[in-house]
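A.B. asks: Predicted model and sequence below, questions to follow.
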Amino acid sequence: LFDVLAHSDDRRLRRAVFDRLRRTGSEGAAQAFARMAGGCWYVTRNLLALLAELERLPADCDPLPWLLHTDARVRREALRVALRLDTVRDRAVSIGLADSDARVLRLAVAAAMDHSPPGTTSRLLELAGRETLDDDLRAMVIEALVCVSRDRRTLDLLLRVVSRDGGVVRWPTRAPKSHAVLAALAALAGNWPDDPYAAPAVRRATATP
């Protein structure tokens, strides 16, 4: 079955084999982990995907090496596995937050809301301030940041997100509000309703048509 999963060109057959192997439990998990070393990227990805969906992982399972794989599709599946393991979860979140792939990053950001190893706040601050980041992903980063930290650095970052000049909100009439800006406004309104800088920013933005 593992050979078919690795080498068949028939997607439906691979899916059927994948489902069969998923039902093998711990025996299948152990063999999947043993076969990953040295495999081509798509074999490794498929085996990691299998591990991620198994009910029980092998005791010696260590997906961290594949979090540094050159192919993002392998890294995504490795992160899914790593997030299930208490022993490597924090390290996996840290590695994932530094990844260049948006889908890997999205997984890591979601995980950071519940598991925030040292350095998480600084990394989320950097990502939330990155204007070139995908808008939906940036909004998700802002939500995670507020879950992890509500200190002055977070407040200042949120004010910069909703501000055009770094301190004073000057919102043009009918200016488009991105998902990131809306997330920042929601965070300001929910967590700093009486702040002398946040409150005016929220009032000004919500009053704009």
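C.D. replies: Sure, I can see it.

A.B. asks: residues touching residue 47, list them.
C.D. replies: 2, 5, 32, 33, 35, 36, 39 (CB atoms under 8 Å, 6 or more residues apart in numbering). In this view, the C-beta of every residue, glycine as well, is placed from N, C-alpha and C.

A.B. asks: Can you name the two of the residues you listed that sit furthest apart?
C.D. replies: 5 and 33 (14.0 Å; CB to CB).

A.B. asks: returning to that earlier point: most neighbours among the contacts of residue 47, which one is it?
C.D. replies: residue 32 (24 neighbours; other CB atoms under 10 Å).

A.B. asks: right, and it touches residue 51 too?
C.D. replies: Yes - counting by CB atoms under 8 Å, residue 32 does reach residue 51; the two are 5.6 Å apart.

A.B. asks: quick one on the thing from earlier: could you list which of the contacts of residue 47 belong to helices?
C.D. replies: 2, 5, 32, 33, 35 (DSSP state H).

A.B. asks: Save the residues you listed as TSV, and put in distance to residue 17 and pLDDT too.
C.D. replies: Formatted as TSV, the ones in helices among the contacts of residue 47 follow (distance: CB to CB, whole Å; pLDDT from 0 to 100):
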residue	distance to residue 17	pLDDT
2	8	81
5	5	78
32	12	76
33	17	72
35	13	76
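
A.B. asks: In this structure, what helix or strand scores lowest on average pLDDT?
C.D. replies: helix 26-35 (a mean of 72; mean pLDDT, DSSP states H and E).

A.B. asks: buried sites along that one?
C.D. replies: 28, 29, 30, 31, 32, 33, 35 (16 or more other CB atoms under 10 Å).

A.B. asks: so where is this structure shaky, pLDDT-wise?
C.D. replies: 25-26, 38-39, 164-176, 208-209 (pLDDT under 70).

A.B. asks: Could I get the full set of helices for it?
C.D. replies: 2-7, 11-22, 26-35, 41-53, 72-82, 89-97, 102-112, 120-128, 135-148, 152-162, 179-191, 198-207.

A.B. asks: angle of the least confident helix or strand of the chain against helix 72-82?
C.D. replies: Relative orientation of helix 26-35 and helix 72-82, computed by axes from the mean of the first three to the mean of the last three CA atoms, to 10 degrees: 140 degrees.

A.B. asks: what helices or strands is helix 26-35 leaning on?
C.D. replies: helix 2-7, helix 11-22, helix 41-53 (3 or more CB pairs under 8 Å, 6 or more residues apart in numbering; DSSP states H and E).

A.B. asks: of all those helices, which lies closest to residue 158?
C.D. replies: Nearest of the helices and strands packed on helix 26-35 (CB to CB): helix 41-53, 33.9 Å.
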